[in-house]
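> I need the structure of the sequence given here:
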Amino acid sequence: YLPKIEAILEEVNSDGSRVEFRYEAAVCGGIPVIRSLQSDFVGDEVSMISGIINGCTNFMLTAMDRDGKSYDEALAEASELGYAEADPTLDVGGFDARSKLKILMRLAY
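Below is the predicted model of the structure:
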């Protein structure tokens, strides 16, 4: 939806207004990665994006690797601790990470 939102903003701001659409918390919640891509790396060529994109799956993979937990055990613990959504399909199916990566790629490239 970002192109549609940008088109609406362009129309709204055509009179000289300064309306902005902020979405920093949509990707890497506590890390200002979007702001950094928009302001700090403007003149740089980004050659790679890597990092932890989804906290739930990061927690689960760590629990499975480090603690030897099964997928079901790791998911149950992630749910109990509040890392997983009520319906974890977007997390464990990779859809959440895909959406976040699309935002980062659009900004970086």
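> so for stretch 85-105, what's the average pLDDT?
For stretch 85-105, mean pLDDT rounds to 91.
> Outside of it itself, list whatever touches it.
2, 23, 26-28, 33-34, 37, 49, 53-54, 56-57, 60, 75, 78-79, 84 (CB atoms under 8 Å, 6 or more residues apart in numbering). Just so you know, the C-beta spots here come from the backbone N, C-alpha and C atoms, and that holds for glycine as well.
> Show the contacting residues for M60.
Applying CB under 8 Å, 6+ apart, the residues near M60 are 71, 74-75, 78, 92.
> Was I right to think E20 contacts I8?
No: counting by CB atoms under 8 Å, E20 sits too far from I8 to count as a contact (11.9 Å).
> Those two - which one has more neighbours?
I8 (13 against 7; other CB atoms under 10 Å).
> And the more buried one, how far from D91?
I8 sits at a distance of 29 Å from D91 (criterion: CB to CB, to the nearest Å).
> now the helices for this structure?
2-12, 33-35, 55-67, 71-80, 89-92, 95-108 (DSSP state H).
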